[in-house]
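In: Pasting the sequence and the predicted model now:
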Amino acid sequence: MNTMSWYPVFLREMLLFRRKLFRVGYLFSAMVVPMIYLVTFGLGLGRNIDVGGMSYVAYLLPGLVAMSSMNNSYSWVSSALTLNRHYFKTFQVFVLAPVSPSAIMLGEVFAGMVKGLFASLLIICTGFLFTGMFVTTLFFLVALLLNCFLFASLGVITGMLAKSHEDTSTYNNFFILPMAFFCGTFIPVDRLPAMLGTVVAMLPLTHTNILIRKTALDNEGVVSLSVLVCYAVVFFSIGSRLIRKYSE
């Protein structure tokens, strides 16, 4: 197999993305929700709150990056793949082309990662404009890349399983939306009720939020890194298998 056979799939998505990139409406829609959270929670309610010895804004900003990278990496892939399968019928062209399922998976995942990283960059710039501070570390970058990869892979799984475009909203409401609020984006997980905290501790965004805030790799960081890698491998494997067995 050609090692670059994933590139045409990736390039197609990037050409479509470029058409939307400089539209004011797209840029505004990508920034408006995190900006609302930043102003309401960070600069409003959290003005006089400290979390673990840091200001609430400093705690919130990495969480917003993690949340935005999750939302955009996942939603772009899941929505596009569902539409391409059921309405535009372009996904069938990929399947019939001499391109392996893993190459299709890589192209879609890499495209989702770019969109997730772009949304994250907007949040970083917005945070810097609002607060004049934003510190990135090696662990921040590793967590961000893994987060984009695993949620883009999850987006492929959703896109392959969804029976209609409306199904993607159902999956989003059950899986993505709860993670955005309960997995350490806005408050530390240890402040949740014990039963809910146990469930949340198993979810991938929780470990992204842990790793993305680390300045040194301690035992907790090693566990979170390992969990994220495992999720990435499992989601990528399941997505590739669904593409391999696809028949419509």
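Out: Structure received.
In: Low-confidence regions, the chain specifically.
Out: 1-3, 24, 45-48, 132-133, 248 (pLDDT under 70).
In: Please, where are all the helices along it?
Out: Counting by DSSP state H, the chain has helices at residues 7-21, 24-37, 56-83, 91-96, 101-131, 138-161, 165-171, 177-182, 194-200, 204-212, 219-244.
In: got the angle for the second one vs helix 56-83?
Out: With axes from the mean of the first three to the mean of the last three Cα atoms, to 10 degrees as the criterion, the two stretches helix 24-37 and helix 56-83 enclose an angle of 140 degrees.
In: Now do helix 24-37: distance to the chain's middle.
Out: On the basis of Cα atoms, centre = their mean, to the nearest Å, helix 24-37 sits 16 Å off its chain's mean C-alpha point.
In: Show the secondary-structure elements that that helix is packed against.
Out: helix 56-83, helix 101-131 (3 or more Cβ pairs under 8 Å, 6 or more residues apart in numbering; DSSP states H and E). C-beta here means a position set from N, CA and C on the backbone, and glycine is covered the same way.
In: so of those, which one's packed in deepest?
Out: helix 56-83 (a mean of 25; mean count of other Cβ atoms under 10 Å).
In: Which elements pack onto that one?
Out: Using 3+ Cβ pairs under 8 Å, 6+ apart: helix 56-83 touches helix 24-37, helix 101-131, helix 138-161, helix 165-171, helix 177-182, helix 204-212.
In: any chance of those helices in JSON lines, with distance to residue 82 too?
Out: Below are the helices and strands packed on helix 56-83 laid out as JSON lines (distance: least, Cβ to Cβ, whole Å):
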{"stretch": "helix 24-37", "distance to residue 82": "19"}
{"stretch": "helix 101-131", "distance to residue 82": "12"}
{"stretch": "helix 138-161", "distance to residue 82": "5"}
{"stretch": "helix 165-171", "distance to residue 82": "5"}
{"stretch": "helix 177-182", "distance to residue 82": "18"}
{"stretch": "helix 204-212", "distance to residue 82": "21"}
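In: which one of these lies closest to residue 220?
Out: helix 204-212 (6.2 Å; Cβ to Cβ).
In: May I have the closest one exported as PDB, CA atoms only?
Out: The C-alpha trace of helix 204-212 is given here as PDB (Å, rounded to 0.1, in the frame of the first residue of the first chain):
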ATOM      1  CA  PRO A 204     -11.200  10.600  27.800                       C
ATOM      2  CA  LEU A 205     -11.800  14.300  28.100                       C
ATOM      3  CA  THR A 206     -11.100  14.000  31.900                       C
ATOM      4  CA  HIS A 207      -7.600  12.800  31.200                       C
ATOM      5  CA  THR A 208      -7.100  15.400  28.500                       C
ATOM      6  CA  ASN A 209      -7.900  18.100  31.100                       C
ATOM      7  CA  ILE A 210      -5.600  16.500  33.600                       C
ATOM      8  CA  LEU A 211      -2.600  16.200  31.200                       C
ATOM      9  CA  ILE A 212      -3.200  19.600  29.500                       C
END
